[in-house]
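# What shape does this take:
(one chain, ligands or ions: 2)
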Amino acid sequence: MNKDQIYADPLGHIQDFRFDSTVVDVFPDMIQRSVPGYQTIIQTIGKLTARYQQPDSRYYDLGCSLGAATLSMRRNIRASGCEVIGVDNSEAMVARCQSHLQAFRSDVPARAELGDIRQVQMDNAAMVVSNFTLQFLPPEDRDLLVQRIYQALKPGGIFVLSEKIVEADTTTHDLLIDLHHDFKRANGYSELEISQKRTALENVMRPDSKSQHQARLEAAGFSHISVWFQCFNFCSLVAIKQGAAA
Ligand SMILES: Nc1ncnc2c1ncn2[C@@H]1O[C@H](C[S@+](CC[C@H]([NH3+])C(=O)[O-])CC(=O)[O-])[C@@H](O)[C@H]1O
Ligand SMILES: O=C(O)C(=O)Cc1ccccc1
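Ligands and ions are numbered 1, 2, ... in the order given. Below you'll find the model as predicted:
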């Protein structure tokens, strides 16, 4: 696995963070060392797939990057007539993701599509995952996407939404950010790397608060909403669409 050293040297001008080929080459190392609980979340997406799978259904991974969640869903589907679709608007990510998907044998079809998640057609879904992707959309586009996810889900379908979050309380907000930086430091990132990456993300990643996420999911129509994971300022929610009446 290639080590992430993208922000190791001092940069005169720090450009906005982009998911280009330089990032693709180090992405598994970067996400592992930067996102607390990443592995737990990927594994739990698999467990949720095993529970919420429905036959003849689609499973979407929005902002699939290299396909970690796509693969985790595919590994856990036993129902027939299912298909897993990863979508990402980074050409470099989609190309690498597609070759990962082909490297593992499976009876469940899976593909990575190049596209903007705001435009992609979704329907007949048992499950939709947005694992740290919604935070990169312009805030004004988030409500509509969540409404479209709700519409795409079948009754009883599940949406897994993982996000970096902000706290309303500034004291605990600063505390959680400090704890996250401690986590990055413990994983070998220097002060310079932490601060340059922070600057690079400032204009492109705009986290909401947990209550904003919960309100948006409720407004879209989801019946059952819970935070199932949180470590520092990283969290993951499940939102379930009401099942068919018995
Ligand atoms: N509008 C958009 N349309 C499509 N893709 C987008 C868009 N905006 C950003 N992306 C894509 O969303 C991904 C976000 S990374 C997801 C990790 C993955 N889910 C994982 O479980 O490993 C999160 C992170 O690195 O913090 C990138 O690949 C972008 O190209
Ligand atoms: O690195 C960070 O500080 C993050 O917030 C997580 C992250 C991980 C990978 C790409 C972009 C952001």
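# check contacts around the residue in the chain that ligand 1 sits nearest to.
Nearest residue of the chain to ligand 1 (CB to the nearest ligand atom) works out as Gly63 at 2.7 Å. Quick note: C-beta positions are derived from backbone N, CA and C, even for glycine. Listed by CB atoms under 8 Å, 6 or more residues apart in numbering, the contact set of Gly63 reads Val87, Asp88, Ile117, Ser130, Asn131, Phe132, Thr133, Phe136.
# And for Ala200?
Ala200 sits next to Tyr7, Ile14, Gln15, Asp16, Phe17 when contact means CB under 8 Å, 6+ apart.
# Try it again at 10 Å.
Residues in contact with Ala200 (CB atoms under 10 Å, 6 or more residues apart in numbering) are Ile6, Tyr7, Leu11, Ile14, Gln15, Asp16, Phe17, Arg18.
# Just to be sure, it is in a strand?
No. With DSSP: H, G, I helix; E, B strand; the rest coil as the criterion, Ala200 is located in helix rather than a strand.
# Identify the residue nearest the geometric centre of the protein.
By CA atoms, centre = their mean, the chain has its centre lying nearest to Asn131, at 1.3 Å.
# Show the model's pLDDT score for that one.
pLDDT recorded at Asn131 is 98.
# mind checking the SS state of Thr44?
With three-state DSSP as the basis, Thr44 sits in helix.
# In this structure it contacts Val160, no?
Yes. Thr44 is within contact range of Val160, at 8.2 Å (criterion: CB atoms under 10 Å).
# Find residues that contact each of these two.
With CB under 10 Å, 6+ apart as the test, Thr44 and Val160 both reach Trp228, Phe229, Ser236, Val238.
# what's near enough to touch the second one?
To tie it back to what came earlier, the one meant is Phe229. Shown in contact with Phe229 (CB under 10 Å, 6+ apart): Pro36, Gly37, Thr40, Ile41, Thr44, Val160, Ser162, Cys235, Ser236, Leu237, Val238.
# So in the chain, which strand runs the longest?
Counting residues, the longest strand found in the chain (DSSP state E) is strand 153-164.
# and the angle from the helix or strand that that one is followed by to strand 153-164?
Note on strand 153-164: by DSSP states H and E, the next helix or strand toward the C-terminus is helix 170-186. On the basis of axes from the mean of the first three to the mean of the last three CA atoms, to 10 degrees, helix 170-186 is oriented at 80 degrees to strand 153-164.
# other SSEs contacting helix 170-186?
For helix 170-186, the elements it packs on are helix 21-34, strand 153-164, helix 191-202, strand 224-231, strand 234-240, judged by 3 or more CB pairs under 10 Å, 6 or more residues apart in numbering; DSSP states H and E.
# Give me the buried positions along the next helix or strand after the third one.
If I follow you right, that is helix 191-202. Next along the chain after helix 191-202, taking DSSP H and E as the criterion, comes helix 210-220. Neighbour-count burial for helix 210-220, counted by 16 or more other CB atoms under 10 Å, picks out Lys210, Gln212, His213, Gln214, Arg216, Leu217, Ala220.
# quick one: the one helix or strand Asp61 maps to to strand 153-164, angle?
For Asp61, the host element (DSSP H and E) is strand 58-62. Strand 58-62 and strand 153-164 meet at an angle of 20 degrees, taking the same axes, to 10 degrees as the criterion.
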